[in-house]
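S.K.: Next one to model:
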Amino acid sequence: NGDWSFMTDPHKTGVSQGWQTLTDTAGWDTLPVPGNWDTENEYANYKGAAWYGRTFTVPAAYDGYPVYLELDSVYYDCTVWINGQMVGSHGGGYTTFEFRVDRYLNFGSENTVAILTNNDSYNYGEWGMGAWWKWGGISGHAALRIHNVSKFDWQHITPKPKLEDGTAKLDFEYKINNLIGTDKVYTVVSQVYDKATGALVGEVETPVTVKPTDSGENANQRFTAELDLTADKVKLWHFDSPNLYTVRTWLYEGGETIHYVEDDIGIRKVEFRKDSDGAARFYLNGEALRLVGANRVGDDRVNGHTEPDYVIMRDMDYMKSMGMNFARVSHIPMTKNILDYCDEIGFLLVCEGNTWGDPPEPDPEIGYTAVRWYTEMIERDYNHPSIIAWSLGNELHGNTQATKDYAAFMHKFIPEKLDASRA
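M.R.: Now for the predicted structure:
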């Protein structure tokens with residue numbers, strides 16, 4: 001994060017002219033990251049390719065460690081270079097992604113990172129894919145993360161309350177990467193704390209053997225654990241009483257911490273079911289509820305798509321004060337600060353990928369291009385108790401065979417591969 005050099009590239013000649021090396025940025029502007037160029041008057045109506053660049057150093061002591069460049073969101077397409085070498089590309093505009101970059105770095109001396117973005121690469125009429133305005137640039141946080149030889153990609157915790165007796169079971173799933181060439185034996189320890197009181201309510205320890213991560217059968221190694229909570233430890237999450245727990249998880253080798261992750265969760269039971277009178281109803285913790293809410297398009301002229309906490313808190317507090325308890329807040333993946341705040345205040349959400357109108361293009365390898373977007377969104381946002389369902393898209397053309405095929409594919413793919421705990 002911070003100030004980056006910036007230059008538009010309307011004729012897309014930057015690559016051929018070597019802009020990715022950042023050799024000469026004397027005529028470039030300076031813009032903040034996170035941020036959107038459209039919030040600046042000079043670039044308010046610019047659609048097309050544009051470059052961001054900056055220098056940074058990595059201490060020599062980190063040579064030999066895996067290093068990742070993590071980007072929360074870049075709209076819409078982007079390609080990344082480190083020290084003039086192309087690292088990778090990403091599309092979609094709203095989901096978090098990362099590239100491993102240590103082999104491109106000069107440890108102990110200056111490095112450059114250049115990011116070519118394009119807010120007009122998905123030609124969707126006058127507006128952007130899944131948004132009301134094509135907020136161009138690096139909308140989310142940018143970070144360089146240095147890890148040990150293994151790390152958690154994520155932890156997913158699925159609470160399963162037993163409403164009859166007030167107890168609950170927590171199902172844990174961990175995705176772990178092993179970045180060296182031999183099997184590693186670790187211990188995973190997860191501790192669950194009542195967020196309001198700080199009290200430890202449960203702990204589970206799991207031995208794991210992680211094979212070297214590769215592009216084949218070991219590319220997606222997952223490990224599981226379970227924890228039972230007695231009734232005196234269980235406080236259900238509800239929009240009137242949004243009780244939260246913090247799950248802190250360590251990856252240990254012997255007594256050494258290899259990696260640590262932390263997520264908040266809520267224990268609640270969500271059901272959509274048809275009752276004996278033939279009516280379909282929504283149930284939260286066994287209680288039939290009427291869902292009342294509205295849409296909220298999360299952008300404005302001052303902040304673009306980089307919304308500060310005070311804007312999020314103001315708008316969600318307004319919505320809840322008007323009696324709302326539910327929303328598909330917007331037709332794009334939500335940012336972390338809005339999801340965290342909805343967990344905290346108790347506000348139910350349906351979250352949606354950036355698909356609008358026509359269904360995404362079929363992809364011969366993965367089914368549809370949307371599979372990448374939904375995988376990134378759901379893997380990142382799985383633990384939020386405020387999310388009760390995933391939407392397949394905004395205003396899809398429902399009477400076409402293409403849309404029916406897309407919906408059928410995703411209705412099968414999401415519960416089988418990403419999340420079986422939600423509708």
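S.K.: could I get whichever strand or helix holds Y174 in CSV with only the CA atoms?
M.R.: Taking DSSP states H and E as the criterion, the element that holds Y174 is strand 167-178. These are the backbone C-alpha positions of strand 167-178, laid out as CSV (Å, rounded to 0.1, in the frame of the first residue of the first chain):
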residue,chain,number,x,y,z
THR,A,167,-24.7,-28.2,21.9
ALA,A,168,-22.8,-27.8,18.7
LYS,A,169,-20.1,-29.4,16.6
LEU,A,170,-17.5,-27.5,14.7
ASP,A,171,-16.1,-29.1,11.6
PHE,A,172,-12.6,-27.8,10.6
GLU,A,173,-11.0,-28.1,7.1
TYR,A,174,-7.5,-26.8,6.5
LYS,A,175,-5.9,-26.4,3.1
ILE,A,176,-2.1,-26.5,3.6
ASN,A,177,0.7,-26.0,1.1
ASN,A,178,4.1,-27.6,1.5
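S.K.: strand partners of it, parallel vs antiparallel please.
M.R.: Its sheet considered, strand 167-178 pairs with strand 150-162 (antiparallel), strand 222-229 (antiparallel) by DSSP bridges.
S.K.: Next secondary structure after it?
M.R.: In N-to-C order, the element after strand 167-178 by DSSP H and E is strand 184-194.
S.K.: Show me what that next one is packed up against.
M.R.: strand 150-162, strand 167-178, strand 200-210, strand 222-229, strand 245-253 (3 or more Cβ pairs under 8 Å, 6 or more residues apart in numbering; DSSP states H and E). To be clear about C-beta, it is placed using only N, CA and C from the backbone, and glycine gets the same treatment.
S.K.: repeat that with 7 Å
M.R.: Applying 3 or more Cβ pairs under 7 Å, 6 or more residues apart in numbering; DSSP states H and E, one finds that strand 184-194 contacts strand 167-178, strand 200-210, strand 222-229, strand 245-253.
S.K.: What lies in contact with the first one?
M.R.: By that I understand strand 167-178. With contacts defined as Cβ atoms under 7 Å, 6 or more residues apart in numbering, strand 167-178 is touched by 150-162, 184, 188, 190, 192, 204, 208, 210-213, 220-231, 234, 251, 267.
S.K.: mind listing what's buried in that strand?
M.R.: T167, A168, L170, F172, Y174, K175, I176, N177, N178 (16 or more other Cβ atoms under 10 Å).
S.K.: The third one too?
M.R.: Going by neighbour count (16+ other Cβ under 10 Å), the buried part of strand 222-229 is F223, A225, L227, L229.
S.K.: What is the nearest of those residues to A407?
M.R.: Nearest to A407 out of the buried residues of strand 222-229 is F223 (Cβ to Cβ; 32.5 Å).
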